[in-house]
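> Can you look at this prediction? I've put the sequence above it.
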Amino acid sequence: MCAAITVVLLAGVCGFPEAEAQTDAAASVYGAFTGTSNANGTVQSYSNAPGMLLELRHLSNPLVGYELAYSFNNADQKYNFAAVKAHASQVEANWLVSVGVFNLKAFAQAGGGLKFFSTSSGQTGVNGQTKPVFVYGAGIDYTVIPHFGLRFQYRGNLYRAPDLARAFSSTNRFAQTSEPSVGAFVRF
């Protein structure tokens, strides 16, 4: 106990080594994989589709930071026997915890945002919707050269299933989208 107090006091007097704040921008591609919702006599299934993710991150110390992100993917859906062509855009703010060793930096994130479902034009009986979304995930940044690296991550989205087809009742269930991704980042 005395040794721990001594270490804390010495660290307070001498100071902890400070890490530089880091800011980076990243672009990634991902696959959006969503399960099926089934309730109220409606079966709602989602297309699996590729997507694009843009991120702006700031780590103010080795353990804590934040991220602003935008993503876009195809979000076609089937309701029983009807198909709806749609796209999904998402904006979010996430809290990050990150720790690095050598050229690797592991991170975990959690946050929230809004998911915008917009239907393609020329379809009747459909409407777009906006849903709040909970975002969670983890991954690894690999620094290839100073200020440039690769990002490998898994992101999950949890939200209420959208009701895009007016002819069918909503499943009113939660949907979960898994998004494994790979991309590159530039550190400022």
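Arrived safely, thanks for sending. Numbering: from 1, shown residues only.
> all strands of the chain, in order?
Ranges of strands in the chain, per DSSP state E, are 22-34, 37-39, 42-46, 49-59, 65-74, 77-79, 82-84, 86-101, 104-119, 129-145, 148-160, 174-187.
> Specify the angle between the first one and strand 86-101 in degrees.
Spelled out, that is strand 22-34. Using axes from the mean of the first three to the mean of the last three C-alpha atoms, to 10 degrees, one finds that strand 22-34 and strand 86-101 are set 130 degrees apart in direction.
> Just give me the residue closest to the centre of this protein.
Nearest to the mean C-alpha position of the chain, by C-alpha atoms, centre = their mean, lies Arg155 at 4.7 Å.
> Can you name the residues that contact it?
If you count contacts by C-beta atoms under 8 Å, 6 or more residues apart in numbering, Arg155 has them with Tyr30, Leu53, Gln109, Val135, Tyr136, Gly137, Ser178, Glu179, Pro180, Ser181. C-beta: built from backbone N, CA, C; applies to glycine.
> Looks like the last one contacts Ala27 (just checking).
No. Taking C-beta atoms under 8 Å as the definition, Ser181 is not a contact partner of Ala27, at 10.1 Å.
> Need the residues touching each of those two.
In contact with both Ser181 and Ala27: Leu53, using C-beta under 8 Å, 6+ apart.
> residue ranges with poor pLDDT in this protein?
Residue ranges of the chain with pLDDT under 70: 1-19.
> Residues in a beta bridge with the residue nearest to the centre of the chain, which ones?
Per DSSP bridges, the residues bridged to Arg155 are Gly137, Glu179.
> how far away is the closest residue to Ser120 other than its chain neighbours from Asn127?
Of all residues not flanking Ser120 in the chain, Lys85 sits nearest, at 3.9 Å (C-beta to C-beta, 6 or more residues apart in numbering). Relative to Asn127, Lys85 is positioned 13 Å away (C-beta to C-beta, to the nearest Å).
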